[in-house]
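K.L.:
Whatever this is, show me its structure:
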Amino acid sequence: RKRQLPAEPPQTEMRSKVIDNAPVPMDSIYLAFRMCGRTDADYYTTDLLSDVLSNGASSRFYQRLLKDRQLFSAIDCYISGTIDPGLFIIEGKPAEGISLEEAEDAIWSELALVRNELVEEEELQKVKNKVESSLLFSEMSVLNKAINLAFFELLGDADLINQEIDAYRKVQREDILRVANDILRKENCCRLIYRAKQG
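P.N.:
Residues are numbered from 1 along each chain as shown. Down below sits the predicted model:
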C-alpha cells in the first residue's frame, strides 16, 4: 500500500538566505529547485538535464564556467532520486578573485540558455550513452541488482527496473526544453549563499 503524505504547497517566489561570515572554507552558492518524484515520467528528463549541465568534462558548467571562463573552482549539479518530489540542486564555489554575484549571474545565464534553446542532438545522445552504460554496469553486481530490485518494489513495481533504459532513450530535446522551463525558474528556487569568514 502506497503511503499518502501531505504535499508541500506550490512555491510561488524565490526563497533566499545569505549567511555572512560563515565558518566555511570558501564562498559557496547553492540553488535548489523543486522537481518531480522518482515515479514521474519527467524524472528521466530531469536527470538527463542535470547531466547536460554538469556530468563530466564535456558538460556545459565544466566547459563554460570552470574551464573557459574560470569563474569556479568547483561546480556541480545533481538531483535527488527520492520517492517524493525531490530537488534539482546546483552548488558552486567561485574561483579566487571572483565575486559571488558574478559567479551566480553566470549560473543563471547558463540556465537561461537551456530554457531558451534546444540542446544539440549529439549533446543529448552523449549523456544518454553515459546513463545507459552506468545502468548496465550497475547490474553486473549482484548486490546492486538486489538493492535496485528492492527499491523498485518499494515504488510498487519491481519490473520498472527493466524499463529504465527505455525511459531514458525516449527523452527528446523538446522534453529537456520543457522540463528546464518548468523547473529552472527563479520563483521555484531556494537560494543559499555562504560568504566565508575572512582571516
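K.L.:
Show me what whichever helix or strand residue 165 is part of is in contact with.
P.N.:
Assigned by DSSP states H and E, residue 165 belongs to helix 164-169. Here helix 164-169 makes contact (C-beta atoms under 8 Å, 6 or more residues apart in numbering) with 41, 44, 47-48, 128, 131-132, 135-136. For the C-beta atoms, the positions are set from N, CA and C on the backbone; glycine is no exception.
K.L.:
Would you mind extracting the C-alpha trace of the helix or strand encompassing residue 115 into PDB?
P.N.:
In the assignment (DSSP H and E), residue 115 maps to helix 100-116. Extracted in PDB, the C-alpha atoms of helix 100-116 (Å, rounded to 0.1, in the frame of the first residue of the first chain):
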ATOM      1  CA  LEU A 100      29.600  35.600  -5.500                       C
ATOM      2  CA  GLU A 101      27.500  38.000  -7.600                       C
ATOM      3  CA  GLU A 102      29.500  37.400 -10.800                       C
ATOM      4  CA  ALA A 103      29.500  33.600 -10.300                       C
ATOM      5  CA  GLU A 104      25.800  33.400  -9.600                       C
ATOM      6  CA  ASP A 105      24.900  35.600 -12.600                       C
ATOM      7  CA  ALA A 106      26.900  33.200 -14.800                       C
ATOM      8  CA  ILE A 107      24.900  30.200 -13.500                       C
ATOM      9  CA  TRP A 108      21.600  32.000 -14.200                       C
ATOM     10  CA  SER A 109      22.900  32.800 -17.700                       C
ATOM     11  CA  GLU A 110      23.500  29.100 -18.400                       C
ATOM     12  CA  LEU A 111      20.100  28.200 -17.100                       C
ATOM     13  CA  ALA A 112      18.500  30.800 -19.400                       C
ATOM     14  CA  LEU A 113      20.300  29.200 -22.400                       C
ATOM     15  CA  VAL A 114      19.000  25.700 -21.600                       C
ATOM     16  CA  ARG A 115      15.500  27.200 -21.100                       C
ATOM     17  CA  ASN A 116      15.500  29.100 -24.400                       C
END
